[in-house]
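> Requesting a structural model of the entry that follows:
(2 chains)
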Amino acid sequence: MSLLVNTATLVEKELRTEFRSRELLTTTVVFNLVVLILFSFAINPSVEESREFGPGLLWLAILFSASLMLQPCFLREQTNDTLSALRLAVSDPYAIFLAKLMANTLFLLLTEALMLPLFAAFYNVPVLPQLHYLLLVLFLGSLGVSVVGTALSAISAVARLRELLLPLLLLPVLTPVLVVSATVSVSLLDRQPVVQWKGIAFLAIFDLIFLTALWLFGEYLLEE
Amino acid sequence: MANFTPTGLRFENIDKRYGGLFALRRLSLEVAPGECVAIAGRNGSGKTTLLRVAARLVRPTAGTVSFTSGPAAGNVSERPGYVGHAAMVYDELTAEENLLLFAKLQDIPSPRKRAEELLREVGLLERRDSLVRTFSRGMRQRMAIARALLRRPSVLLFDEPGTGLDPVGITWLAKALREVHLAGCTVLMSLHGESEISTLATRGIRLEAGSIVADTIEGHAMRGILTLGA
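Below you'll find the predicted structure:
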């Protein structure tokens, strides 16, 4: 119960500080827009090409924006040493991770909610028929990105070359999530859509494994 | 200010190593309930590490830290109040929001009432709705102390509490520390030299290279310990 209460309190804090500064959301949304628009003009895909390559570009944009968003995740706790204050206050340090990954997932989903209609418009891809499955894939994929990214952000925040370290660590670990998410999305947006349940199950299991690993070992990531 | 339950602190053979570097070396120290200990030493002598080990923010490579009396005795999850170099509060939250956040995390009953009480005690009630990023260094230090006192800890740790404060700020801080100490709190504070704050200390120790080299309990003079002299 204490873990849930602490997590809820910290999620409220994350949302309040972000909506006051709007630093992450603004950067992420603008970056995503630029990537989508740039690719649509640079590649100028046909309808068939859009169905085939569009989801990959979408997930690439999500990955890049997630990297931007996750970098300051734990870094900004260092400015006033607020991470120490949190560690002193919470009964279970997992609450700190849970709150950050929930907030990161929410911010990513907000960004995707803004991006999806633009993606559909710029790439002429009908997303409405399979929207519910697409949202499920977006949720599971974004959760996977957030879980891994939040953990790696905690590691990179205390390392030298931290700006370089996070993307270096993030990309290899997230490759399975991105490949599967893109593949499942392609199938959903095909002329004859198919729901790849194995892919969706893979994403769910990936998320569960990393959430469990974070629960088991997260405390050590926060130690000095 | 409400009375604190006197609690002692025991450090037993503490080692803290960062790679090949010893920040603390076989350090043993017994702090009696209600003592106010000044910890002096040059930069890099281990003062901050000692305080962070006591706060359980840093895990020692070897040895143990424990509370020796009071309701916290034997409770490995109990944490002292800690005021570090930084204020440890959020710039994008108001003074009240910061205290409410930490009060809720620590499951303190009537968090809003407690936050208001502390803001009044540290003289920030009128600025309760101001964002902390608009605060001066002295005001941030007051916030830090308010945060550390939320749970009425029986042990308070201060890492160079006077750094960056003007004389008015130092006078206020000395008064606040005096009140807390007189109310029964055990205090450990790292200091650089003599000041209005150091006059509160009932005991002084000096660290060098992670070990205690002088202690007023063993007859060393407080002045010598604090001024890094002989």
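> pull the longest helix from chain A.
For chain A, the helix that runs over the most residues, judged by DSSP state H, is helix A:94-122.
> Report the buried residues of that one.
Within helix A:94-122, the residues that qualify as buried by neighbour count (16 or more other C-beta atoms under 10 Å in any protein chain shown) are A:94-109, A:111-112, A:115-116, A:119-120, A:122. All C-beta spots, glycine's among them, are computed from the backbone N, C-alpha and C.
> Give me the average confidence score over it.
Within the predicted structure, the mean pLDDT of helix A:94-122 is 93.
> again, but for stretch B:96-103
Mean pLDDT, taken over the full extent of stretch B:96-103, equals 97.
> now stretch B:128-137
On average, the pLDDT along stretch B:128-137 is 95.
> what does chain B put close to chain A?
B:52, B:55-59, B:77, B:79, B:82, B:84-93, B:97, B:101-102, B:104-107, B:131, B:147 (C-beta under 8 Å from any C-beta of the partner chain).
> Just name the shakiest helix or strand of chain B by mean pLDDT.
None of the helices or strands of chain B scores lower by mean pLDDT, DSSP states H and E than helix B:222-227, at a mean of 83.
> Determine the set of other helices and strands touching that helix.
Here helix B:222-227 is seen to pack against strand B:36-41, strand B:203-208, strand B:211-215 when contacts are counted using 3 or more C-beta pairs under 8 Å, 6 or more residues apart in numbering or on different chains; DSSP states H and E.
> And these: which comes nearest residue A:34?
Closest to residue A:34 of these, according to C-beta to C-beta: strand B:36-41, at 52.5 Å.
> Hey, what's the angle from the closest one to strand B:211-215? Just curious.
Interaxial angle of strand B:36-41 relative to strand B:211-215 (axes from the mean of the first three to the mean of the last three C-alpha atoms, to 10 degrees): 120 degrees.
> Sort out which residues of strand B:36-41 are buried, please.
Residues of strand B:36-41 classed as buried: B:36-41 (neighbour count, 16+ other C-beta under 10 Å).
> So what are the sheet partners of it and their directions?
Based on DSSP bridges, the pairing partners of strand B:36-41 within the sheet are strand B:186-191 (parallel), strand B:203-208 (parallel).
> So which of those strands is nearest residue B:20?
If you check each of the strands paired with strand B:36-41 against residue B:20 by C-beta to C-beta, strand B:203-208 wins as the nearest, at 18.2 Å.
> on that earlier part again, now which of the residues of chain B next to chain A would you call buried?
Burial of the residues of chain B next to chain A was assessed by neighbour count (16+ other C-beta under 10 Å); the buried members are B:52, B:55-58, B:79, B:82, B:84, B:86-93, B:97, B:101-102, B:104-106, B:131, B:147.
> Cross those against helices and list the overlap.
With helices taken from DSSP H, the overlap with those comprises B:52, B:97, B:101-102, B:104-105, B:147.
> farthest pair in those residues?
Distances among these were taken as C-beta to C-beta; the most separated pair is B:52 and B:97, at 26.0 Å.
> from the chain's centre, how far out does stretch A:44-64 sit?
In terms of C-alpha atoms, centre = their mean, to the nearest Å, the centre of stretch A:44-64 is set 18 Å apart from its chain centre.
> So which residues make contact with that stretch?
Counting by C-beta atoms under 8 Å, 6 or more residues apart in numbering or on different chains, stretch A:44-64 makes contact with A:31-32, A:35-36, A:39, A:43, A:108, A:111-112, A:115, A:119, A:123-125, A:141-142, A:145, A:171, A:174, A:178, A:181-182, A:185-186, A:188-191, all of which sit outside it.
> and the residue positioned nearest the centre of chain B, what does it touch?
For chain B, the residue lying nearest the average C-alpha position, counting by C-alpha atoms, centre = their mean, turns out to be residue B:157 (1.6 Å). With contact taken as C-beta under 8 Å, 6+ apart, residue B:157 is in contact with B:51, B:54-55, B:80-83, B:187-189.
> so it sits in a strand?
Yes: counting by DSSP: H, G, I helix; E, B strand; the rest coil, residue B:157 falls inside a strand.
> Okay, and the beta partners of it?
According to DSSP bridges, beta-bridge pairing links residue B:157 with residue B:82, residue B:188.
> Would you check how far apart it and residue A:224 are?
If you measure residue B:157 against residue A:224 using C-beta to C-beta, to the nearest Å, the figure is 15 Å.
> And the host helix or strand of residue A:133, what's buried?
Assignment of secondary structure by DSSP states H and E places residue A:133 within helix A:131-157. Neighbour-count burial for helix A:131-157, with 16+ other C-beta under 10 Å as criterion, is recorded at A:133-134, A:136-154, A:156-157.
> For the nearest residue to residue A:66 once chain neighbours are set aside, give me its contacts.
Counting by C-beta to C-beta, 6 or more residues apart in numbering or on different chains, residue A:145 is the residue found nearest to residue A:66 once chain neighbours are left out, at 4.8 Å. In this structure, residue A:145 makes contact with A:62-63, A:66, A:108, A:174, A:177, judged by C-beta under 8 Å, 6+ apart.
> now do residue A:144
The neighbours of residue A:144, taking C-beta under 8 Å, 6+ apart as the test, are A:174, A:177, A:181, A:203, A:206-207, A:210.
> Which of those residues sits closest to residue B:203?
Within the set of the contacts of residue A:144, residue A:210 lies nearest residue B:203; the separation is 48.7 Å, counting by C-beta to C-beta.
> if you go through chain A in chain order, where are the helices?
With helices called from DSSP H, chain A shows them at A:2-21, A:23-43, A:47-70, A:72-75, A:82-89, A:94-122, A:131-157, A:162-188, A:197-222.
> could you say what helices and strands the longest one packs with?
Read that as helix A:94-122. Contact here means 3+ C-beta pairs under 8 Å, 6+ apart; on that basis helix A:94-122 packs against helix A:2-21, helix A:23-43, helix A:47-70, helix A:72-75, helix A:82-89, helix A:131-157, helix A:197-222.
> tell me which residues in stretch A:162-182 are buried?
Residues of stretch A:162-182 classed as buried by neighbour count (16+ other C-beta under 10 Å): A:162, A:165-167, A:169-170, A:173-174, A:177-178, A:180-182.
> Next one: the spatially closest residue to residue A:74 that is not a sequence neighbour relative to residue A:217, how far apart?
Beyond its immediate neighbours in the sequence, the residue positioned closest to residue A:74 (C-beta to C-beta, 6+ apart) is residue A:157, lying 3.8 Å away. Residue A:157 sits at a distance of 16 Å from residue A:217 (criterion: C-beta to C-beta).
> what does residue A:185 give?
For residue A:185 relative to residue A:217 (C-beta to C-beta), the value is 31 Å.
> And these two? Which one has more around it.
residue A:185 (25 against 10; other C-beta atoms under 10 Å in any protein chain shown).
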